[in-house]
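[1] coords please:
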Amino acid sequence: RFGQAAPASGQAKPLDDTARHSFEQLANVIEVYPNFSAVADVRLETEKTGDHFTVVGTLPDSARSSEAFDDVQGRFFSSHDAPEVIILSDFGRELLDLPREPRGVDVKLTQDQANQLLGKYIVMRYHTREMGASAPLEGQTAKSPKKGEHETGSLNDEGTQDEEAQSFNLVPKQLRLKIVGIVSSEPNRALRQGRTPMFMPLAVAESLNMVQAGELWSTLRPSQTKTYIALIVRVAKSKSVEQVEDEIKKQGFNTFSILDASKGITRFFTFLDMFLLIFGSLALAVASLGIVNTLVMAIMERRREIGIMKALGASDGDVKRIFFFEAGTMGLFGGAVGAALGWMIGKAINLGTNIYLQRQDIKPENFWYVPWWLVAFALGFSIFVSLFAGLYPASRAAKLDPVQALRHD
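    Residues are numbered from 1 along each chain as shown. Here you go, the predicted model:
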């Protein structure tokens, strides 16, 4: 559902409010917001020392529906501009000076540990970028601002600001924030570079004008509006991601989405599905021939029995139904055994894989899942194949001459 846009290599125009507005006008786009990432020193307000250098990210109000908040300890932001933060559980352990969990393992804090953080305040120290006077260019002499000029740079003959004269200063500031939520997994992890342990409302971060990590490129290519490192575009349906990506690329920007990242995996599973389809078709053909052979042999062995049934008044339809019932029974029994065997194989794969993951200090996962509808479909399909395979044997049995059948030794 998410796509990320960044300036293309060699692209002259920056990724700014103009680009953001153009993305919002695209069809199927329901939200566009910056992929904000800044660095800051953080400490609990109750502690005078023990600063933690960390990365700060942001979350829009729509992120409250993310699956990362299904098991949140605490709550989401009370409003879009509330001075509040949500932290990851492993960063909470760091704030409490607790041992950190192994890499790749997301474990919730205990209730007592969470209560030591929820509702508490942290002090965040950060830097903002403020425009200031610049040094003269080589070959020029510094001059004091005249009437009609700005401290941020000189004005040229056309009344516009020289890009070469622009400069800025980093001003340290600090902010008091309330911890309102703790999550185990990072929201929108696939669209972020590196791990982000702390999140604040997007509106709060934009109002602070914090210096973002990797923002140097925007200082070299100034813009009349606010520039961004990257923008995240949220679309209404996953099938619209490719269309939105194409429209953004036409505007001269690079894009990245989970769809791009999954193309290689999708291609691999396409070939795997083709292999399994061929293998399954061969297995299906062999099974069908086996059913046909079994029923034909049963007919040969029971010709006298069939002759007696016909002599006693059994019709061709009655004989067909008998063999159809036998074929269906074989399919039902075979499907049940196959489903049970597949379920046991899946459990064995899960068990073996999780034992390996636990030895690698990785959280166990459920890799093999057998839904009830799949079992029902397998049973129905096996019965259908068995009935189809029983057409010829049943028809052959029904056509037996009772006199010839009774003479069969």
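[2] how far does whatever helix or strand T58 lives in sit from its chain's centre?
    Counting by DSSP states H and E, the element that carries T58 is strand 52-59. Distance, stretch centre to chain centre, for strand 52-59: 22 Å (Cα atoms, centre = their mean, to the nearest Å).
[3] each with direction, which strands does the helix or strand just after it pair with?
    Beyond strand 52-59 on the C-terminal side, the first helix or strand identified by DSSP H and E is strand 73-74. Neighbouring strands of strand 73-74 in its sheet, by DSSP bridges, are strand 168-183 (antiparallel).
[4] following the strand it pairs with, which helix or strand shows up next?
    Sequence order places strand 198-201 as the next helix or strand after strand 168-183, per DSSP H and E.
[5] and that next one, what does it pack against?
    Based on contacts counted as 3 or more Cβ pairs under 8 Å, 6 or more residues apart in numbering; DSSP states H and E, the elements that strand 198-201 packs against are strand 52-59, strand 84-88. The C-beta positions use only the backbone N, C-alpha and C, and glycine is treated the same way.
[6] and the strand holding T58, which residues are buried?
    Along strand 52-59, the positions that meet the burial threshold by neighbour count (16 or more other Cβ atoms under 10 Å) are T54, V55, V56, G57, T58, L59.
[7] same deal with stretch 76-93?
    Buried positions in stretch 76-93, judged by neighbour count with 16+ other Cβ under 10 Å: 76-77, 83-93.
[8] check the offset of stretch 37-48 from the chain's centre.
    On the basis of Cα atoms, centre = their mean, stretch 37-48 is displaced by 30 Å from the centre of the chain it belongs to.
[9] start from the N-terminal end of the stretch 101-250 of the chain and give the strands.
    Using DSSP state E, counting those that start in this stretch, the strands assigned to the stretch 101-250 of the chain run over residues 121-131, 168-183, 198-201, 231-235.
[10] oops, could you answer that again for the stretch 251-400 of the chain instead?
    Ranges of strands within the stretch 251-400 of the chain are 253-257, based on DSSP E, counting those that start in this stretch.
[11] so where is it shaky, pLDDT-wise?
    Filtered on pLDDT under 70, the stretch 251-400 of the chain yields the residue ranges 361.
[12] ok, E186 - how many residues close by?
    Residues within reach of E186, counting by other Cβ atoms under 10 Å, total 18.
[13] over to it: give its phi and psi.
    Geometry field for E186 lists phi and psi as phi -80, psi 130, criterion degrees, to the nearest 10.
[14] G181: how many residues sit nearby?
    Neighbourhood size, G181 [other Cβ under 10 Å]: 21.
[15] likewise N350?
    Neighbour count for N350, taken as other Cβ under 10 Å: 16.
[16] please name the nearest non-neighbouring residue to it.
    If the residues on either side of it in the chain are set aside, N350 comes closest to W368, at 5.1 Å by Cβ to Cβ, 6 or more residues apart in numbering.
[17] ok, now which ones touch that neighbour?
    Applying Cβ atoms under 8 Å, 6 or more residues apart in numbering, we find W368 in contact with G346, K347, I349, N350.
[18] can you rerun that using 7 Å?
    When contacts are counted by Cβ atoms under 7 Å, 6 or more residues apart in numbering, W368 touches G346, I349, N350.
[19] who's in contact with stretch 203-211?
    With Cβ under 7 Å, 6+ apart as the criterion, stretch 203-211 contacts F36, A38, T58, H80, D81, P83, Y126, H127, T128, R129, L170, L175.
[20] let's see it at 8 Å
    For stretch 203-211, contacts defined as Cβ under 8 Å, 6+ apart pick out 34, 36, 38, 40, 56, 58, 80-83, 126-129, 170, 173, 175.
[21] name the helices or strands packed onto the top helix by length along the chain?
    Counting residues, the longest helix in the chain under DSSP state H turns out to be helix 316-359. Here helix 316-359 touches helix 263-301, helix 303-311, helix 372-389, helix 391-398, going by 3+ Cβ pairs under 8 Å, 6+ apart.
[22] deepest-packed of the strands of the stretch 101-250 of the chain, please.
    For the strands of the stretch 101-250 of the chain, the largest average neighbour count (mean count of other Cβ atoms under 10 Å) is found in strand 198-201, namely a mean of 24.
[23] how far is that one from where the chain is centred?
    If you compare the mean C-alpha spot of strand 198-201 with that of the full chain, they lie 20 Å apart, counting by Cα atoms, centre = their mean.
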